[in-house]
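>>> next one to model:
(one chain, ligands or ions: 2)
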Amino acid sequence: MIVARELTKVFSKKHLSSRLPFGQSKSRSKIDPVVAVDKVDLEIPAGTVFGLLGPNGAGKTTLIKILSTLIIPTSGSVTINGYDVRTQEREVRVSTGLGLGGERSFYWRLTGEQNLEFFGTMQGLTGKRLKKRVSKVLDRLDLGGVQNVPFMKYSSGMKRKLDIARALLTNPPIFLLDELTSSIDPSAAVKIRELVQELKERGKTILLVTHNLAEAERLCDLIGIMNHGKLIAVGNASSLRNLVKGCKIRIQLDGRKIGLLHALAELDGVENVRREGSEIVILASRRDSVVNQIIRAIAATEVPVQNINVHRPSLEDVFLHLTGSDNYAPNPGVR
Ligand SMILES: Nc1ncnc2c1ncn2[C@@H]1O[C@H](COP(=O)(O)OP(=O)(O)OP(=O)(O)O)[C@@H](O)[C@H]1O
Ligand SMILES: [Mg+2]
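Residues are numbered from 1 along each chain as shown. Ligands and ions are numbered 1, 2, ... in the order given. This next block holds a predicted model:
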């Protein structure tokens, strides 16, 4: 189980100025502190797959780094498997398998196998058990064929897989996996999702970060959306979809009519109208009479309708709406 209360991380001016590119001497007073994680309350029950979503810079990696003891929080508390991240670092590390996706944490001249043997040894595995675990996780991630290749020759996807393999080495009860399937090809991504499912069936608790919303929907029991350091929504995919009322209507017309988009945008209950390729996409705040009004407005133009599709908001609509990137206000440029 993972429990965080009022968890906050502020990167101070000192942190930020140390990250400035070489030769750039920005005055300290010009750099504002960044609240990367802002009073996050989080509860992930044991045996749950929790998907963390959020735009770039939302604070997801910072949160995972705090949970894995790599970063000390500014305030608030976290327990992992009952252990406090501030005072019981060792126990937290033994309880977690961490995959941050960063390639710099491997030794580039060592092979994949040698890297895993090194990290396995650091985590207390020795002798036959070490060899057995390394070979098992390499096979599990389909890296058996490249285990003797130096890490520097790995493709991005292979590096990502080795990172997940390393997280599996000691078979811990909790996994923290950042950017689960980024750089991974579609068929390998299917296998990684199967792996997560299998870990869940074995009772493991998994916190994963993904930008793939379909993946989150398919894989996760609970989904959290982060924005500007805050956890702004938590629920299962279906309950999150209910946060956006109304519906999305896609219409394909056999031709164009000047002024139609503007007329549609003016209708009561229509939130947003835009063109997406050959389709008109409308977000409506309710379902009832709006769809009929839209159909009437289009019928009046006499442009033939090829296709019309009305559906509930997707997880993507919810994500865009909650993170303020859906441009919900009627688009002034519509014609
Ligand atoms: N070590 C650091 N020092 C200063 N600022 C940092 C540091 N690490 C992260 N930040 C800042 O904290 C904020 C959150 O960054 P974080 O990497 O947690 O975002 P993220 O949600 O993982 O984004 P992405 O989806 O792009 O990976 C950003 O504004 C980032 O610039
Ligand atoms: Mg990140």
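>>> tell me where the stretch 51-200 of the chain has helices.
Ranges of helices within the stretch 51-200 of the chain are 60-67, 89-95, 112-122, 127-140, 156-168, 186-201, based on DSSP state H, counting those that start in this stretch.
>>> lowest confidence element among the helices and strands of this structure?
Using mean pLDDT, DSSP states H and E, the weakest-scoring helix or strand in the chain turns out to be helix 13-18, at a mean of 61.
>>> determine the next helix or strand in the C-terminal direction from that helix.
Next in sequence after helix 13-18, counting helices and strands by DSSP states H and E, comes strand 34-44.
>>> shaky segments in the stretch 201-335 of the chain?
For the stretch 201-335 of the chain, residues meeting the criterion pLDDT under 70 lie at 326-335.
>>> which residues of it fall in strands?
Along the stretch 201-335 of the chain, counting by DSSP state E, counting those that start in this stretch, strands occupy 205-209, 222-227, 230-235, 247-253, 270-276, 279-284, 305-311.
>>> pull up the residues of the stretch 51-200 of the chain that are close to ligand 1.
Residues of the stretch 51-200 of the chain lying close to ligand 1 (C-beta under 6 Å from any ligand atom) are 54, 56, 57, 58, 59, 60, 61, 62. C-beta here means a position set from N, CA and C on the backbone, and glycine is covered the same way.
>>> may I ask which two of the residues you listed are separated the most?
By the measure C-beta to C-beta, 56 and 62 form the most distant pair in these, at 12.4 Å.
>>> residues touching residue 312, list them.
Applying C-beta atoms under 8 Å, 6 or more residues apart in numbering to residue 312 gives the contacts 241, 247, 248.
>>> which residue is the nearest non-sequential neighbour of the spatially most central residue of the chain?
The chain has residue 210 as the residue nearest its centroid, 2.6 Å off, counting by C-alpha atoms, centre = their mean. The shortest distance from residue 210 to any non-neighbouring residue, by C-beta to C-beta, 6 or more residues apart in numbering, is to residue 180 (4.9 Å).
>>> that neighbour and ligand 1: what is the separation?
Using C-beta to the nearest ligand atom, to the nearest Å, we find residue 180 at a distance of 12 Å from ligand 1.
>>> neighbour count: residue 56 and residue 62, which is higher?
For the pair residue 56 and residue 62, the greater number of neighbours falls to residue 62 (22 against 6), based on other C-beta atoms under 10 Å.
>>> for that one, what are its contacts?
Contacts for residue 62 (C-beta under 8 Å, 6+ apart) come out as 9, 36, 37, 71.
>>> what's around the nearest residue to it once chain neighbours are set aside, how many residues?
Spatially, and ignoring its direct neighbours in sequence, residue 62 is nearest to residue 36 (4.1 Å; C-beta to C-beta, 6+ apart). Residue 36 is flanked by 23 other residues according to other C-beta under 10 Å.
>>> residue 36 contacts residue 59, doesn't it?
Yes - between residue 36 and residue 59 there is a contact under C-beta atoms under 8 Å: 4.6 Å.
>>> between the two, which contacts overlap?
With C-beta under 8 Å, 6+ apart, residue 36 and residue 59 have common neighbours 9, 229.
>>> now the residues of the stretch 51-200 of the chain next to ligand 1: which count as buried?
Buried positions within those, assessed by neighbour count (16 or more other C-beta atoms under 10 Å), are 54, 58, 59, 60, 61, 62.
>>> from the contacts of residue 62, which is closest to ligand 1?
residue 36 (3.4 Å; C-beta to the nearest ligand atom).
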